[in-house]
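Chemist: coordinates for the following, if possible.
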Amino acid sequence: MKALSEPDARLLDRFSDGLWLSDGLAKNTLESYRRDLAQFSRWLAEADGKHLIDAAPADLQRHLAWQVGTKLAKPRSTGRLVSSLKRFYQFAMREGLRRDDPSAELDAPRIPRSLPKSISETEVESLLAAPEEDTLLGLRDRAMLETLYASGLRVSELVTLKTMQVSLDMGVVRVLGKGAKERLTPLGEEAVSWIVRYQKESRPQLLGARKSDSLFLTARGKPMTRQSFWNLVKRHAQVAGIRQAISPHTLRHAFATHLINHGADLRVVQMLLGHADITTTQIYTHVARERLKALHKKHHPRG
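Modeler: Numbers count the residues shown, from 1 in each chain. All right, here's what the predicted structure looks like:
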């Protein structure tokens, strides 16, 4: 692959730093933006011998067409590229590097909203009961699964939890989510009881003579990783007899779905999930509609 030109590399560093300082975006998001823009930089240099800062609106349109035609890009990937380009050239205008925005007329493709996969309350109960709680790792797994279902945390938030973030007396967990936004999420009595038991019976033995402020540890006393937790969820799902493929994110969806099924408001669910925008939470409106239909059918004389 052709190397990124030095001026464009410096400019992308400046853009990434500025974006992190202004918006506090997650590392993965910043890397995605940079990767999209670096690809455009190489394409632009090869096609027209231009630098990023000199791109014309037609260059952006041609690059999008190239990506869709050559790489068979999915709408979501194309939408992210459009977002990357728009953010970069808005940044360039704010910094006085350009007087116009060549991305102003770009439109992101419409992405159909897919309904989140969830599992039933009965299946969740089976999954939570799957770990062998009389073993060190089984007790840890039970505590992690209970915490995830009780709080709706993202898997990255769960595996990076520090002991100081969990207030067992108050029954809440303090989470630093996307964009470095902090929120307090209730845990519930059941999850608290499993965390207490794990910290008394399992964590000290997993930790041994080592020191760590991570709440959930591996068999070697190291912080749990996303991949390790993903694998243990799949393993326990098989034991629980759950046929569909599930992931840690499935439990987050189950958390939201079951809350709404039991009458929670979308705004409350938005706060608990840590969604910055209510439109993200609105993928669960189908759950609310189905619940209202079921209530109408059950209680209305003409239902």
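Chemist: can I assume Leu153 is in contact with Arg183?
Modeler: No: when contacts are counted by CB atoms under 8 Å, Leu153 is not listed as touching Arg183 (10.0 Å). Where you see a C-beta, it was placed from the backbone N, CA and C, and this is true even at glycine.
Chemist: need the residues touching each of the two.
Modeler: Val175 (CB atoms under 8 Å, 6 or more residues apart in numbering).
Chemist: more crowded one of those two?
Modeler: With neighbours defined as other CB atoms under 10 Å, Leu153 and Arg183 compare such that Leu153 has more, 26 against 15.
Chemist: and the more buried one, backbone torsions?
Modeler: Main-chain torsions, Leu153, degrees, to the nearest 10: phi -70, psi 150.
Chemist: now do the SS call for the residue lying closest to it once chain neighbours are set aside.
Modeler: Spatial nearest neighbour of Leu153, chain neighbours left out: Val175 (6.3 Å); criterion: CB to CB, 6 or more residues apart in numbering. Assigned with DSSP: H, G, I helix; E, B strand; the rest coil, Val175 falls in the strand class.
Chemist: count the residues that sit near Val175.
Modeler: Using other CB under 10 Å, the number of residues around Val175 comes to 21.
Chemist: show me the contacts for Arg98.
Modeler: Counted by CB under 8 Å, 6+ apart, Arg98 has contacts Ile53, Tyr89, Ala92.
Chemist: now swap in Asp101 and tell me
Modeler: By CB under 8 Å, 6+ apart, the contact list for Asp101 reads Lys86, Tyr89, Gln90, Ala92, Met93.
Chemist: just Arg99 next, same as before
Modeler: Taking CB under 8 Å, 6+ apart, we find Arg99 in contact with Met93.
Chemist: wait, a helix at it?
Modeler: No: assigned with three-state DSSP, Arg99 falls outside any helix and is coil.
Chemist: ok, which stretches of this protein are strands?
Modeler: Under the criterion DSSP state E, the chain contains strands at 166-167, 172-176, 182-186.
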